[in-house]
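Colleague: the sequence and its predicted three-dimensional model are supplied below.
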Amino acid sequence: MSTDRQPSRFLPGLGGLLRGELARWYWRRILAHTVAWTLLVTGLLWYVTTRANDSEWRGFDLLIHIWWIALPLGSIAISQNAMIEERQGGTLSWVVSKPVSGPAFILSKIVSDLVGIALPAVVLQAAIAWWMLPALDPKAGLAIRQPDMGRYLIVVGVEFVIIVLFVTLSVCMGTIFRNRGPVAGIGLGVWILLWNSPTDIIDRMSIGGLVSGELSGAAFKPLTEFLVFGQTLDPASGVYWTLAWAVVLTVVATGVFSREQF
Amino acid sequence: MADATLDTRDGMQRTEANGLFRGLRGLTAAESTRWFPWRSLTFTALGLALLVGNYVSWLAQKDKILGHLILSSLTLWVLVLILMTVAATQSTVAGEIAQGTAAWIVAKPVGKTAFVISKFAALIPVVVVAMVGVPGVVARFIFVAAEGNGRTEFNGYEVMRLVNEPSARGEYTTVPDWADHLGTLGLLMVIILVIAAAMVLLGCVLGHATAIFAVGLMIPIAMVVLALTPIDHQFVSLTPAWLMESFIDGAGDNPAPVLAPVVVGLLWIAGLLGVASWWFNRREL
Amino acid sequence: MRDLALEVRGLHKHFGKTEVLRDLDLDVPIHSIYGFLGPNGAGKSTTMKIVMGLLRPSAGRAYVFGRDVHRDGPAARALVGYLPQQARFHPYRTCREVLEFVARLYPGRVPRGALRDRTDELLENVGLAELADRRTAGLSGGEAQRLGLAQALVSEPELLILDEPAAALDPEGRRDVLGIIESLRGRVTIFYSTHILDDVQRVSDRVAVISGGRIVADGPVSDLLTGNESTWTLHTRGCSADTRAALTAEPWVTDLDVRSRGDSEIWSVRLVGDEAAERLLHRLLLDDGVDIAEFHTSDHTLEDAYLSIVRNDREH
């Protein structure tokens, strides 16, 4: 035995931790999530659109609306466990007694949840909706015409950013609090705040301004207008700000976690 | 439930509840310490902050329409309360099972049913006083204060406008009297308690925190969807969604029943807790 | 520093106003089997947790093979296998998956192709071969402890830190653990805490005793056993109360324990000093009220030495 086999200087333990975390997702869990998300997103989309009158038909706007409800709630439900489950199960101290760094541990939690949620909830549902929505009503008007693929990929990216925000927020809160209640509660509070933001500043500094709004009346969500009506992505700053918030939350999480004693 | 008289070593006779509910009082008192005072104060502060924040936001609007303030305050508040209830109660039973403390407690001379019921019973004062009661009373004073700001007086010449534009109804809303307001608060209390009872049941039945939370979120969403979807009212009136329907109607200054939905809600609570107790009693810990 | 696997210097730790460790120094030589003894709450687990980077010291430093455990934590921990006092694992993993998960956290330690053989071998060694594919949620306390030992060994560590490794084990499991520790002698440094002093006497080269947050004795086991104390056993008959009282007052008697058996008494007397036994015998022979049926020395055990050290520390 020698003492020269050392862990990587950059984020030691990340590879092993990430493999371990991702291993939780395949295959039973990812299959269960695929079924659940498909029922929730595609099922609801299909149910509503096949029963809607022409005047109520909102196509991709409805998809974006469902995503805006389902993705934050799903991300909070899943990621609130990331730290709390390990802490309450007593495995947190066991894992960090191995040659792993705090940032690697936090990143492994975030990345694995991002992958585990994004694949069945966004990527798969986006692919289904791409084919399903225009096929449901060939008489479709502007709101449901087959959109530009490039723009659609940007929309999918924006939806991914929603997951990034709520996963990093939940993981960060999980490093600060010891129970699921406040972790989930703060996530839900942020979601409601972004949906009902009292000022324009919050809309410009978060993703809420692009995707939130009611599913009624003549107005479409800004992201729908970008996708279907070819308008500019406004406020695009919300995407950059949200990614910046995610970085801040990750840094805070690693900072708090590195100070934790077991 | 029969009571037993026990002779104790000190020669005193003490009466103890037998069977399923044995230990309920002590367990409820112990569980209450989790909620009082800090968590309860947090709920109260959150509700007050939301109502005041919404009022301040309303004051900044050009058209200060009282009906819009009441509707937005109450709907936003019920949404926040529901989500906070799901978040706060998701671990009350499941957390104890996962950490082994449930097995430790039911190994004492207490009934398993008492353990389950105590989780719910401890929440009742939290919901009635801290979550709904205090902010709800303050809310009415806010509405009264807002009444002087830009209220549109209703007169007979404006009837035709309402016929042609039903959504304008909010412009003629006046502050509900205390009886109506307390009725709305009562509906809200029972809505929250139904969700809390459902969370207790989920905690007894499901093992995984994500599943409990996700299914828990589905319950209020289902209530809202049922309340807002134009489906058979007879069906809705058999479900807790009737509470939500009445609450939304009341918030919009429409006539809405209170007593009947509350009775249906209480029956649902009894049923949910009954199933939870039955499940927990046959469960191996 | 080069011949030390673990070096602790001036370690202090307090939780609020409670001081748990006070200026603790410790040197664990490479390839030694080092027992870490002390009463409950003395600071054994706290010391180990600081070494593993799970707690921050209030003052002082700890080094594993010369690497500062706080400045260079992952590099230091890469050389260590650790078994915590209460072994906990992810309930959704099987025993084999736990070992594979841990092995991946030590890059380069176990080649990918050899992982399966390594986990099989370890599970066999700790008696869990039949439970390899069972989820850890269903393990008993003893089985979890065995798996804990296996996961500490999976990376082929240079230093093994075991916090009460035999605490939850049945006699067979305890024997197996001692066997594993013995089998690693000369190849791996083992630093372990325990309350089972027989085990320490059987396998340890060196021992440190911690009491009240500081080391009160430290050295080879043989040094601790050859102190100037001795224990004598007497079987007596007759009235002995006055004699006992007089003996207890003597400075060369450190402990006197009496048990009744029928009409006789069994005395266990701990003495200090070279001629104490002669003095005791002389004293008893002069006492008409006491008949001596047996008078013999008992082996001086590590338990005697440990109790004496801890008692002396408390008195001072």
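Modeller: Great, that's in hand.

Colleague: so who does C:Val310 touch?
Modeller: For C:Val310, the residues meeting the contact criterion (C-beta atoms under 8 Å, 6 or more residues apart in numbering or on different chains) are C:Gly38, C:Pro39, C:Val209, C:Ser211, C:Val216. No exception for glycine: its C-beta is placed from N, CA and C like everyone else's.

Colleague: check the gap between the last one and chain B for me.
Modeller: It refers to C:Val216. As judged by C-beta to the nearest C-beta, to the nearest Å, C:Val216 and chain B stand 36 Å apart.

Colleague: returning to what we had before: ranking the contacts of C:Val310 by neighbours, who comes first?
Modeller: Comparing those on neighbour count, C:Gly38 comes out first with 26 neighbours (neighbours: other C-beta atoms under 10 Å in any protein chain shown).

Colleague: OK, contacts around that one?
Modeller: If a contact means C-beta under 8 Å, 6+ apart, then C:Gly38 has C:Lys44, C:Ser193, C:Val209, C:Ile210, C:Ser211, C:Val310 as its contacts.

Colleague: can you check A:Asp200 too?
Modeller: A:Gly209.

Colleague: nearest spatial neighbour of B:Leu41, skipping sequence neighbours?
Modeller: The shortest distance from B:Leu41 to any residue other than its chain neighbours is 7.1 Å, reached at B:Ala130 (C-beta to C-beta, 6 or more residues apart in numbering or on different chains).

Colleague: so the one you found touches B:Ser40, yeah?
Modeller: Yes - checked against C-beta atoms under 8 Å, the pair B:Ala130 and B:Ser40 is within contact range at 3.7 Å.

Colleague: what is the burial count for the residue in the stretch 201-316 of chain C positioned nearest to chain A?
Modeller: Ranking the residues of the stretch 201-316 of chain C by distance to chain A (C-beta to the nearest C-beta) places C:Gly213 first, at 16.9 Å. When neighbours are defined as other C-beta under 10 Å, C:Gly213 has 22 of them.

Colleague: cool, the one 10 residues further on as well?
Modeller: Residues lying near C:Asp223 (other C-beta under 10 Å) number 13.

Colleague: just the strands in chain C please.
Modeller: C:4-15, C:18-29, C:33-37, C:59-64, C:67-68, C:80-83, C:159-163, C:189-193, C:206-211, C:214-220, C:229-237, C:253-261, C:264-272, C:291-298 (DSSP state E).

Colleague: just put the ones you listed in JSON lines and tack on mean pLDDT.
Modeller: Supplementary listing: the strands of chain C in JSON lines, determined by pLDDT from 0 to 100:
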{"stretch": "strand C:4-15", "mean pLDDT": "95"}
{"stretch": "strand C:18-29", "mean pLDDT": "95"}
{"stretch": "strand C:33-37", "mean pLDDT": "95"}
{"stretch": "strand C:59-64", "mean pLDDT": "96"}
{"stretch": "strand C:67-68", "mean pLDDT": "93"}
{"stretch": "strand C:80-83", "mean pLDDT": "93"}
{"stretch": "strand C:159-163", "mean pLDDT": "95"}
{"stretch": "strand C:189-193", "mean pLDDT": "96"}
{"stretch": "strand C:206-211", "mean pLDDT": "93"}
{"stretch": "strand C:214-220", "mean pLDDT": "91"}
{"stretch": "strand C:229-237", "mean pLDDT": "80"}
{"stretch": "strand C:253-261", "mean pLDDT": "83"}
{"stretch": "strand C:264-272", "mean pLDDT": "83"}
{"stretch": "strand C:291-298", "mean pLDDT": "81"}
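
Colleague: got TSV for those strands, with distance to A:Val111 too?
Modeller: Formatted as TSV, the strands of chain C follow (distance: least, C-beta to C-beta, whole Å):
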stretch	distance to A:Val111
strand C:4-15	34
strand C:18-29	37
strand C:33-37	39
strand C:59-64	29
strand C:67-68	28
strand C:80-83	26
strand C:159-163	30
strand C:189-193	35
strand C:206-211	42
strand C:214-220	44
strand C:229-237	61
strand C:253-261	62
strand C:264-272	62
strand C:291-298	63
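
Colleague: now stretch B:268-280: buried residues?
Modeller: By neighbour count with 16 or more other C-beta atoms under 10 Å in any protein chain shown, stretch B:268-280 contains the buried residues B:Trp268, B:Ile269, B:Leu272, B:Leu273, B:Val275, B:Ala276, B:Ser277, B:Phe280.

Colleague: ugh, typo on my part, it should be stretch C:155-163
Modeller: When neighbours are counted by 16+ other C-beta under 10 Å, the buried residues of stretch C:155-163 are found to be C:Ser155, C:Pro157, C:Glu158, C:Leu159, C:Leu160, C:Ile161, C:Leu162, C:Asp163.

Colleague: wait, what's in contact with A:Leu40?
Modeller: A:Ile66, A:Ala70.

Colleague: list phi and psi for it.
Modeller: As for A:Leu40, its main-chain torsions (degrees, to the nearest 10) stand at phi -70, psi -50.

Colleague: tell me, how many residues neighbour whatever residue of chain C ends up closest to chain B?
Modeller: Closest residue of chain C to chain B, C-beta to the nearest C-beta: C:Pro91 (9.1 Å). Counted with other C-beta under 10 Å, the burial measure for C:Pro91 works out to 15 neighbours.

Colleague: if we ignore the residues flanking it in sequence, what's nearest it?
Modeller: With C-beta to C-beta, 6+ apart as the criterion, C:Pro91 has its nearest non-adjacent residue at 3.6 Å, and that residue is C:Ala137.

Colleague: which bits of the stretch 51-200 of chain A sit near chain C?
Modeller: Within the stretch 51-200 of chain A, the positions adjacent to chain C are A:Gly89, A:Gly90, A:Thr91, A:Ser93, A:Trp94, A:Val95, A:Val96, A:Ser97, A:Lys98, A:Pro99, A:Val100, A:Ser101 by C-beta under 8 Å from any C-beta of the partner chain.
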